[in-house]
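>>> what's the 3D shape of this:
(2 chains)
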Amino acid sequence: MRMREGYAPTLREVPAEAEVVSHQLSLRAGLIRRSAAGIYTYLPLGFRVLQKIKRIIREELDRVGCQELMLPIVQPAELWHQSGRWEAYGDEMFRVKDRHGRFFSLGPTHEEIITHLVKADVKSYRQLPLTLYQIQNKYRDEIRPRFGVIRGREFIMKDAYSFDRDEASLDVTYKKMYQAYERIFARCGLNTRAVEADTGAIGGSSSHEFMVLADVGEAVVVFCEACDFAANVEKAAAVPTPWPESRSQEMRQIETPGVRTIEELTAFLSVEPQRMIKTLLYLADDRPVAALVRGDRDVNEVKLARVLGVEEVRLADETTIETLTGAPVGFAGPVGLPENVHIVADLEIEGAIDAVTGANRADAHFVHVDWERDFRAHQVADIRTVTAGDQCPKCGEQLRQATGIEVGQVFKLGTKYSSVFEAHFLDEDGKEKPYVMGCYGIGVSRTMAAIIEQHHDEHGICWPPSVAPYHAVIIPIRPQDEEHMRTAEQLYEQLWASGIETVLDDREERPGVKFNDADLIGYPVRITIGPKSLAEGCVELKWRRTGETETIGIEDVVQHVLMKLDIGESISNP
RNA sequence: CGGGGCGUGGCGCAGCUUGGUCAGCGCGCCUGUUUUGGGAACAGGAGGUCGUGAGUUCGAAUCUCACCGCCCCGACCA
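Alright, predicted model coming up:
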């Protein structure tokens, strides 16, 4: 690309809309422009990066036997009704109506449509296993789009779906995909960490998320440095710590006017929060539930929902709380709750002695509350959120915590969708069985942002060569000098002929402008043609990532760059 | 959805409190001259219904109301 013919608009100043570095640099380097909240245009440079990422994905997936196809974005509502997700997906799904009044969704994901598709054509175990994927736009009307392309409402996703005859076969497929993901992200230059993940609303038995550790990450993960344990906090099992030692005394009600929060209670009673029982009232499918955790712990709603066997739980509203407990918000406790409230205690609450809880009465708490003597739980389970400092569930060492950007997820679905769609095949034993499915996603546009988060400095982006929009830029210091331009043009042609994607910055700009743009856009190597070295038949190379410079004879440039770029698989040849 | 901030040429902003040569500054853009190894200087120039709509007023970017859009934080942890 010759700069004078190209569309690579850079910005000197940071647009007010951008807060995080990948977003700022994406705008400044001319990769993206915003169209609406969470909806972006990909400019030519950004689009090239996406193409590179997609190419890597395709190569790695094709290598393990996946096949690409293209499913519709606009999907009939009936399929979603069948799976129950027309309702379950809620406001996050974009819905459109056609001229006849029929409803469609803009696909947020494609389990429904692909299960329905494959069902019609795959009738025998001989046709399994099968893994299909596509790369296309997805639509999710996020509550709050943010961080540029990291959480958008329209985004580019690779989604794959696997169909196996049984769990054992799915395990093999899953592992294959997991390993393909590791290669994909490594080739994108990303340092990722696979963590155990919750299976959430999609449902299923097992899942891993691929996390790029970064400050802007929205997901919180815990990991152990002593062993290989790593998990999303939503999923990570919490190892209970024993209830603090104490002596059993007679339970007593005390006046605590206006004291509602654990903090206030701690100050008011001079009692450690570890000795308090926090009681949260939830509605699980309209059934009232009280969740008990230690005062310094947080309820993990994902775990709670799983324990209760419901899709999701939501905190009860004030009115419901008052009806159930007979007290305003802030004074709930497990002692004397109505029969219809299902009580779930966290593992740490079991055997509590001498605890403090709300008294289900305004401005009152109980002290010296004992487990079983004063209250009972219908269920005891791990329902709290893990935090840094907790014991590793695998080896017992202390866990650490970090935020990450989730760039990919692999997922064992089981028969969740094949069952509802009656997607069956005939197995070797002559019996009809539902496919055992898996699904596998990669946020392609998000991956681009994650790469920038991991590869930038104060001057701009430092692309890994494998995903750089171009590998090299040639900067003639004096574009009006015929010899300079002749050399530049020749080099440009030679580089392209060797598969090195090159930009020729032929603009009538001062060198400083071009250098700064080159740093901002982040070409892995810059080739400067200036009077000093040209007189000796040389050009200057500067490597973006290391800052290393070298002077090379013109005739050696192509070979040298080719060798040092190490773009191997990413070189474009049809 | 709640809270906070913002909306003035392509980008970044000032002006608004105290209505009246305030529509302005920097960058970018166009023309010319001189320049040319890390965002040049000078001269000239193009470009804006001040988010939208009502209202108050002799007069509104500025005051009032409504709406729209954007960004950030939060979304109930008792």
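
>>> can you pull the contacts of the residue in the stretch 351-500 of chain A positioned nearest to RNA strand B?
Nearest residue of the stretch 351-500 of chain A to RNA strand B, counting by CB to the nearest atom of the strand: A:Ile477, 4.6 Å away. Just so you know, the C-beta spots here come from the backbone N, C-alpha and C atoms, and that holds for glycine as well. Neighbouring residues of A:Ile477 by CB atoms under 8 Å, 6 or more residues apart in numbering: A:His484, A:Pro511, A:Thr528, A:Ile529, A:Gly530, A:Pro531.

>>> again, but for A:Pro9
The contact partners of A:Pro9, by CB under 8 Å, 6+ apart, come to A:Gly30, A:Leu43.

>>> Kindly provide the distance from it to A:Ala267.
In this view, A:Pro9 and A:Ala267 are 56 Å apart by CB to CB, to the nearest Å.

>>> Same check on A:Arg95?
49 Å.

>>> got it, and A:Thr387?
Using CB to CB, one gets 22 Å for the distance from A:Thr387 to A:Ala267.

>>> neighbour count winner among the two?
Of the pair A:Thr387 and A:Ala267, A:Thr387 is the one with more neighbours under other CB atoms under 10 Å, namely 16 against 11.

>>> Grab the nearest non-local neighbour of that one.
Nearest residue to A:Thr387 in three dimensions, chain neighbours excluded: A:Gln401, at 6.7 Å (CB to CB, 6 or more residues apart in numbering).

>>> any bit of the helix or strand where A:Ala160 lies sitting next to RNA strand B?
Using DSSP states H and E, A:Ala160 maps to strand A:154-164. No - under the criterion of CB under 7 Å from any atom of the strand, RNA strand B is not reached by strand A:154-164; the shortest gap measures 11.8 Å.

>>> What helices and strands are in contact with that strand?
If contacts are counted by 3 or more CB pairs under 8 Å, 6 or more residues apart in numbering; DSSP states H and E, strand A:154-164 sits against helix A:44-63, helix A:111-121, strand A:130-139, helix A:167-187, strand A:436-443, helix A:444-454.

>>> how about 6 Å then?
Counting contacts by 3 or more CB pairs under 6 Å, 6 or more residues apart in numbering; DSSP states H and E, strand A:154-164 packs against strand A:130-139, helix A:167-187, strand A:436-443, helix A:444-454.

>>> quick check: mean pLDDT across stretch A:448-455?
For stretch A:448-455, the mean per-residue pLDDT is 94.

>>> What residues does the stretch 151-300 of chain A have near RNA strand B?
Near RNA strand B, when you scan the stretch 151-300 of chain A using CB under 7 Å from any atom of the strand, you find A:260-263, A:265, A:278-282, A:293, A:297-299.

>>> hey, where'd the helices end up in the stretch 151-300 of chain A?
A:167-187, A:262-269 (DSSP state H, counting those that start in this stretch).

>>> Dihedrals phi and psi, the residue of the stretch 351-500 of chain A closest to RNA strand B?
Here is the backbone geometry of A:Ile477 (degrees, to the nearest 10): phi -70, psi -40.

>>> Any figure for the gap between it and A:Tyr470?
Counting by CB to CB, the gap from A:Ile477 to A:Tyr470 is 19 Å.

>>> Domains in chain A, by residue range?
A:3-69+A:112-236+A:401-452, A:252-381, A:470-570 (automatic domain parsing).

>>> circling back: when you compare pLDDT across the residues of the stretch 151-300 of chain A next to RNA strand B, which one is lowest?
Minimum pLDDT across these is recorded for A:Arg260, with 76.

>>> Spell out which residues sit in contact with that residue, please.
A:Gly330 (CB atoms under 6 Å, 6 or more residues apart in numbering).

>>> report the longest strand in chain A, please.
Ranked by residue count and defined by DSSP state E, the top strand of chain A is strand A:399-414.

>>> is that strand anywhere near RNA strand B?
No - using CB under 7 Å from any atom of the strand, we find that strand A:399-414 stays clear of RNA strand B, coming within 11.3 Å at best.

>>> need the contact list for the residue most central in space within chain A.
The residue lying closest to the centre of chain A (CA atoms, centre = their mean) is A:Glu406, at 2.1 Å. Applying CB under 6 Å, 6+ apart to A:Glu406 gives the contacts A:Glu209, A:Met211, A:Ala219.

>>> Phi and psi next, for the residue of chain A found nearest RNA strand B.
RNA strand B sits closest to A:Gly530 of chain A, with a gap of 1.6 Å, by CB to the nearest atom of the strand. Main-chain torsions, A:Gly530, degrees, to the nearest 10: phi -130, psi 160.

>>> Excluding chain neighbours, what is closest to it?
Nearest non-adjacent residue to A:Gly530, counting by CB to CB, 6+ apart: A:Ile477, 4.0 Å away.

>>> What is the neighbour count of the residue lying closest to A:Val21 once chain neighbours are set aside?
What sits nearest to A:Val21 in space, not counting adjacent residues and going by CB to CB, 6+ apart, is A:His456, at 6.1 Å. For A:His456, the neighbour count with other CB under 10 Å is 19.

>>> A:His456 pairs with what?
A:Ile461 (DSSP bridges).

>>> of all the residues in the stretch 1-150 of chain A, which ones are close to RNA strand B?
Residues of the stretch 1-150 of chain A lying near RNA strand B (CB under 7 Å from any atom of the strand): A:10-17, A:19-20, A:34, A:36-38, A:143-147.
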